[in-house]
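Q: the following block contains a protein sequence and its predicted model.
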Amino acid sequence: MTKRIRIIGMVAAALTILTGTVSAYSAETKTIKFNEFGVDRAYVCEAETVAEFLDEKQISLNDTDKIYLNDEAVSDMDSELKSGDTISLKKSYVVKVVIDGEKSEIETAGGTVEDIEKMYADKLGENYEFKSSYAKTAPLRNNMELVFETTKQTVETVTNEIPFETEYVENPDLEKGKENIIQQGVNTIKTYTYYKTYVGGKYTDIKETCEKVQEGKKQIVEKGTKEVVKAPAADSSAGTIDGLKYKKTISMNSSAYTAYCSGTKRRTATGAEAVKGVAAVDTNVIPFGTKLYIPGYGYAVAADRGGAIKGNRIDLCMNSYNEAIQWGRRNVTVYILE
């Protein structure tokens, strides 16, 4: 009985030794290189997968970090490891950049605030201010916000054309109603330049300069004042009116006068008495002594003239001032009687 117990104890001890040997072989150690920020470190571990290695070494990852196994991107963190493998960690940070209130995000593997500043150099320009509290040499971190405020100036040029003025001068040798340009007008052209300043994307100041590109000149136009006597168009057809025979008709502009106004002579240019029935005419159109009939006025004789009575003008004599005022000025058809 004692011998049997001794044999069982020896078998148990042998099994214990054998089990320990198997356990030692199952927990095989590996040498793994780990690269972070370009620096290689060798680790001895028992990890079977990439995930176990990171957990064993207490290496935490951001969502943007990338893991490489022997320079190949790891898509499965349960990828198996063997001794001599190299695991590389490439840190990636999302940095928020705010320029004049406009926000953007950039993913970067590292660097400093100054590196981001250089990256945005074209957009920042030469004149700007870094508003965040970080030092320029501060290393980038995930979700770091970098705020910049620029000062920029825009230049705007506007051309304004000012129309020329026109001056009229009288020419007594030019027929009335005619005009001639004796100096052509030239518009004035001015160029305005506006310098606008924006700070942080907001308008703050403006400066203006003006340059006269073209000197203007007024246009000078001569207007004729010379009176030209023209015989009015006549109606060649003869006929009768109110029982009176006429040779032709003339369309004329009439006015009225009276010998009873202050300063008016009682005698006409032909010596006749200035009474109703006397008409002042331009003798180049209607000779003195011509018998006339004017509707609304009646019978008249061309027996007077006036300084303003030229061409197709006729001035009819009235017996009173009131009659002259009532007649006023009107267009009439003058019948030249036989």
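A: The structure has been received and is ready for your questions. Everything quoted here is computed from the prediction, not taken from an experiment.
Q: my guess is N180 is in a helix, correct?
A: No. Assessed with DSSP: H, G, I helix; E, B strand; the rest coil, N180 is strand; it does not lie in a helix.
Q: thought it was touching E222?
A: Yes. Between N180 and E222 a contact is recorded at 5.0 Å, counting by Cβ atoms under 8 Å. Quick note: C-beta positions are derived from backbone N, CA and C, even for glycine.
Q: list residues touching both of those two?
A: Here N180 and E222 share the contacting residues 171, 174, scored by Cβ atoms under 8 Å, 6 or more residues apart in numbering.
Q: higher neighbour count, those two?
A: Counted by other Cβ atoms under 10 Å, N180 and E222 do not tie: E222 has more neighbours, with 18 against 11.
Q: how near is the closest residue to that one other than its chain neighbours to L69?
A: Among residues not flanking E222 along the chain, N171 sits closest, at 4.2 Å (Cβ to Cβ, 6 or more residues apart in numbering). Distance from N171 to L69, counting by Cβ to Cβ, to the nearest Å: 104 Å.
Q: again with G311
A: 115 Å.
Q: please identify which helix or strand holds the nearest residue to T270 once chain neighbours are set aside.
A: Distance criterion Cβ to Cβ, 6+ apart; nearest residue to T270, sequence neighbours excluded, is A303 at 4.6 Å. Counting by DSSP states H and E, the element that carries A303 is strand 298-304.
Q: counting neighbours, which bits of that strand end up buried?
A: By neighbour count on 16 or more other Cβ atoms under 10 Å, the buried set for strand 298-304 is 300-304.
Q: mind checking the pLDDT average for that strand?
A: The pLDDT scores in strand 298-304 average 93.
Q: sorry, back to before: so the residue nearest to E222 is in contact with E179, correct?
A: No. With contact defined as Cβ under 8 Å, N171 does not reach E179; the gap is 9.1 Å.
Q: for the protein, longest strand please?
A: For the chain, the longest strand by residue count, based on DSSP state E, is strand 145-162.
Q: name every strand pairing with the helix or strand following that strand and say which way it goes.
A: Next helix or strand after strand 145-162 toward the C-terminus (DSSP H and E): strand 166-175. Applying DSSP bridges, strand 166-175 is found paired with strand 219-226 (parallel).
Q: quick check: pLDDT value at the closest residue to Y134 other than its chain neighbours.
A: For Y134, ignoring the flanking residues on the chain, the nearest one in space by Cβ to Cβ, 6+ apart is V113 at 5.2 Å. pLDDT, V113: 93.
Q: for the one 5 residues further on, same thing?
A: Reported pLDDT at K118 in the predicted model: 93.
Q: give me the secondary structure label for it.
A: Going by three-state DSSP: K118 is helix.
Q: distance of it from T108?
A: Shown here: K118 relative to T108, a distance of 12 Å by Cβ to Cβ.
Q: what's the answer for L140, then?
A: For L140, the distance to T108 - Cβ to Cβ - is 6 Å.
Q: shared neighbours of the two, which are they?
A: Common neighbours of L140 and T108 (Cβ under 8 Å, 6+ apart) are 93, 95, 115-116.
Q: farthest-separated two in those residues?
A: Spatially, the most separated pair among the shared contacts of L140 and T108 is Y93 and D115, at 11.2 Å (Cβ to Cβ).
Q: which residues do these two both contact?
A: What both Y93 and D115 touch, as defined by Cβ under 8 Å, 6+ apart, is the set 108, 140.
Q: so where's the stretch 201-338 of the chain uncertain?
A: Across the stretch 201-338 of the chain, the ranges flagged by pLDDT under 70 are 229-237, 260-265.
Q: returning to that earlier point: quick check, the residue nearest to T270 in contact with A272.
A: Yes. Between A303 and A272 there is a contact under Cβ under 8 Å: 4.6 Å.
Q: intersection of neighbour lists for the two?
A: Contacts common to A303 and A272, judged by Cβ under 8 Å, 6+ apart, are V278.
Q: ok so, going back, so between Y93 and D115, which is more surrounded?
A: Taking other Cβ under 10 Å, Y93 and D115 do not tie; Y93 has more neighbours (19 against 14).
Q: in the sheet, who's paired with the more buried one?
A: With DSSP bridges as the criterion, Y93 is bridged to T108.
Q: isn't it right next to N142, touching?
A: Yes. Contact criterion Cβ under 8 Å: Y93 and N142 qualify, at 4.7 Å.
Q: need the overlap of contacts for those two.
A: With Cβ under 8 Å, 6+ apart as the test, Y93 and N142 both reach 62, 64.
Q: which residues touch the spatially most central residue of the chain?
A: By Cα atoms, centre = their mean, the mean C-alpha position of the chain lies nearest to V158, the distance being 9.9 Å. V158 is in contact with 191-194, counting by Cβ under 8 Å, 6+ apart.
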